[in-house]
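*Asks:* Generate coordinates for the sequence data below:
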Amino acid sequence: MKEYFKIIRKALSESRGKNQGIYYESHHIIPKSFNKQSKTVLLTPEEHYIVHKLLAEYWKDHFLYGKKMLWAFHRLSYDNKRKISKEEYGEARRILQKLWKSEKTITHKEKISISMKGNTNNSTRVFKGMKSDMTQKGKNKISRSITLYQTGKTGIESKAGKGEVIYENTKGEIIEAGSCLQLSYLVSISQSSLAYRLKNNPGKIMRGYSIKYK
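*Replies:* Okay, here's the model as predicted:
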């Protein structure tokens, strides 16, 4: 972790601000998933990628924090807004092999099974059965966002589910879901990324997976 804190200390020493005309990203010095109070620091996109890579490499074998750090690095590496080199992409894929190859626990499989049953009214399954430690304030915020997505918007701004979707990765795993929203919970890829892929490249294998309407 020496290199990690070297980057953090350098960023803190520069008194960075988001209104200085330079693009920065906020990063929790102690990862949020550790459930501990932590200050944030402003990092360049390159620094943000590196620190999450360092966290993933350091904690990858930890029984509690390992998968959390790997998933955090996964989300950052495959963000559509982030441009990474082919070397960085290869590096990320190698680090994340442990995450993709890990066997799902029986409990996790049961939760996925429960969530897939849900309520099929209006041809859209309701995702339920997966417990969360999210605060009520956070749940209310998400609920309001979903309501806004589902009403009053058309075209590219619309995030409403338009039918059942099928996800397939390069390992041959196939997952069906009632919408991109539900699928995002099952495969830990953001709903916006899935919706963008579905609109622009349906059925095309890219970055390890494809998605199309059923």
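
*Asks:* a helix runs through Lys212, doesn't it?
*Replies:* No: assessed with DSSP: H, G, I helix; E, B strand; the rest coil, Lys212 is strand; it does not lie in a helix.

*Asks:* Run a quick neighbour tally on it.
*Replies:* Counted with other C-beta atoms under 10 Å, the neighbours of Lys212 add up to 14. The way it works is simple: take the backbone N, C-alpha and C, and place the C-beta from them, glycine included.

*Asks:* before we move on, what about Lys204?
*Replies:* When counting by other C-beta under 10 Å, one arrives at 11 neighbours for Lys204.

*Asks:* How about Ser77?
*Replies:* Quick note: Ser77 (other C-beta under 10 Å) scores 21 neighbours.

*Asks:* in this protein, which spans are strands?
*Replies:* Remark: strands assigned in the chain by DSSP state E are 25-28, 40-43, 165-169, 174-177, 209-213.

*Asks:* out of these, nearest to His52?
*Replies:* With C-beta to C-beta as the criterion, His52 lies closest to strand 25-28 of the strands of the chain, at 8.1 Å.

*Asks:* Quick one: mean pLDDT over that closest one.
*Replies:* Predicted confidence along strand 25-28 averages 90 (mean pLDDT).

*Asks:* and this structure, what are its domains?
*Replies:* If you go by automatic domain parsing, the domain ranges for the chain are 2-101, 108-213.

*Asks:* Comparing these by mean pLDDT, which bottoms out?
*Replies:* Among the domains of the chain, domain 108-213 carries the lowest mean pLDDT, a mean of 68.

*Asks:* mind listing the helices for this protein?
*Replies:* With DSSP state H as the definition, the chain shows helices at residue ranges 2-13, 45-59, 66-77, 86-95, 97-101, 106-117, 136-150, 180-187, 191-200.

*Asks:* Surely Lys60 and Gly66 touch.
*Replies:* Yes: assessed by C-beta atoms under 8 Å, Lys60 is found in contact with Gly66 at 5.2 Å.

*Asks:* coming back round to it: let's have the strands of the chain in CSV, adding distance to Gln191.
*Replies:* What follows is the strands of the chain, written out as CSV (distance: least, C-beta to C-beta, whole Å):
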stretch, distance to Gln191
strand 25-28, 20
strand 40-43, 24
strand 165-169, 11
strand 174-177, 11
strand 209-213, 11
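
*Asks:* right, so of these, which gets closest to Leu55?
*Replies:* Closest among the strands of the chain, using C-beta to C-beta: strand 25-28, at 10.0 Å.

*Asks:* neighbouring contacts of that closest one?
*Replies:* The list of residues contacting strand 25-28 from outside it, by C-beta atoms under 8 Å, 6 or more residues apart in numbering, reads 38-45, 48, 51.

*Asks:* So how do I select the buried members of these in ChimeraX?
*Replies:* A single ChimeraX command selects the buried members of these (16 or more other C-beta atoms under 10 Å):
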select :41,42,43,45,48,51
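
*Asks:* Reformat the contacts of strand 25-28 as JSON lines; add distance to Leu70.
*Replies:* Putting these into JSON lines (distance: C-beta to C-beta, whole Å) gives the following:
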{"residue": "Ser38", "distance to Leu70": "19"}
{"residue": "Lys39", "distance to Leu70": "24"}
{"residue": "Thr40", "distance to Leu70": "21"}
{"residue": "Val41", "distance to Leu70": "21"}
{"residue": "Leu42", "distance to Leu70": "24"}
{"residue": "Leu43", "distance to Leu70": "19"}
{"residue": "Thr44", "distance to Leu70": "22"}
{"residue": "Pro45", "distance to Leu70": "20"}
{"residue": "His48", "distance to Leu70": "16"}
{"residue": "Val51", "distance to Leu70": "14"}
